[in-house]
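**Student:** sharing a sequence plus its predicted fold:
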Amino acid sequence: GIDPETLDQIIVAHNFGNVIKHTIQTDILPALASRVKNALGIRNPSCVAYDLLFGCPGWIQGVIQADAFIKAGIAKKCLVVGTETLSRVIDQYDRDSMIFSDGAGASIIEALEPEENGSGILACSVQSHCVDEAYYLHLGKSYKPGADPCVRYIKMKGRKVYEYAMKHVPLAMKD
């Protein structure tokens, strides 16, 4: 319901790029956001399209960035997309990495006049834990016997991710 030419930014959050069906090959060139802009037929060069590599919380981080750009006066209207097809890059022989899934969603984040906007985005709470947690997600070879050791799949320390989420996500929500 909006004119795509009025978008100031297109932010596409993902973790692994466009994974070509029936392969584990990631395809991130051109950027997924550039592909979205192209598919929408947007000609406005001032509409900045960029990818945000952020995994599961990527869409939320994209909304936070759009809100920050709007509050800073850099943008008035942003398209934020979160997308993944991780089922194409998981090792089917790895039971510890089964938390991964596919999904996509998109939202327009827009600055409105005070009398129109109600509450808006009130606050956010973000952190990056990268000491012990840095390699909870990583790439590794398949557990399939005889698999090509040069082909790497996305891997997860599933129990550690679960424990991390149970400890830190509720605290962030309360914050």
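**Tutor:** The structure has been received and is ready for your questions.
**Student:** quick one: which helix or strand includes the residue lying farthest from the centre of the chain?
**Tutor:** Note on the chain: the largest C-alpha distance from the chain mean falls to residue 146, namely 33.0 Å (C-alpha atoms, centre = their mean). Per DSSP states H and E, residue 146 falls between elements, in no helix or strand.
**Student:** after the least confident helix or strand in the chain by mean pLDDT comes which helix or strand?
**Tutor:** The helix or strand of the chain with the poorest confidence is helix 114-117; it has a mean of 61 (mean pLDDT, DSSP states H and E). Counting by DSSP H and E, the next helix or strand C-terminal to helix 114-117 is strand 137-141.
**Student:** which residues touch that next one?
**Tutor:** 15, 55, 91, 147-157, 161 (C-beta atoms under 8 Å, 6 or more residues apart in numbering). (Each C-beta comes from the backbone N, C-alpha and C, glycine too.)
**Student:** likewise stretch 166-175?
**Tutor:** 125, 126, 127, 129.
**Student:** turn the residues you listed into TSV, including neighbour count.
**Tutor:** Shown next, in TSV, are those (neighbours: other C-beta atoms under 10 Å):
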residue	neighbour count
125	10
126	10
127	9
129	11
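**Student:** between the residues you listed, which is closest to residue 109?
**Tutor:** Closest approach to residue 109 among the contacts of stretch 166-175 (C-beta to C-beta): residue 126, at 16.2 Å.
**Student:** let me see the contact set for the residue lying closest to the closest one once chain neighbours are set aside.
**Tutor:** Spatial nearest neighbour of residue 126, excluding adjacent residues (C-beta to C-beta, 6 or more residues apart in numbering): residue 64 at 6.6 Å. The contact partners of residue 64, taken as C-beta under 8 Å, 6+ apart, are 121, 124, 126.
**Student:** phi first, then psi, for residue 64.
**Tutor:** Main-chain dihedrals, residue 64, degrees, to the nearest 10: phi -60, psi -40.
**Student:** ok, which stretches of the chain are strands?
**Tutor:** 9-14, 18-19, 26-27, 48-53, 77-85, 102-110, 137-141, 152-156 (DSSP state E).
**Student:** export the ones you listed to a markdown table and append columns for distance to residue 70 and mean neighbour count.
**Tutor:** Listed next are those as a markdown table, based on distance: least, C-beta to C-beta, whole Å; neighbours: other C-beta atoms under 10 Å:
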| stretch | distance to residue 70 | mean neighbour count |
| --- | --- | --- |
| strand 9-14 | 9 | 26 |
| strand 18-19 | 28 | 20 |
| strand 26-27 | 31 | 15 |
| strand 48-53 | 13 | 18 |
| strand 77-85 | 7 | 22 |
| strand 102-110 | 7 | 14 |
| strand 137-141 | 30 | 14 |
| strand 152-156 | 33 | 20 |
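**Student:** what would those look like in TSV with distance to residue 3?
**Tutor:** Listed next are the strands of the chain as TSV, based on distance: least, C-beta to C-beta, whole Å:
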stretch	distance to residue 3
strand 9-14	14
strand 18-19	26
strand 26-27	29
strand 48-53	16
strand 77-85	10
strand 102-110	11
strand 137-141	38
strand 152-156	38
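**Student:** lovely, talk soon.
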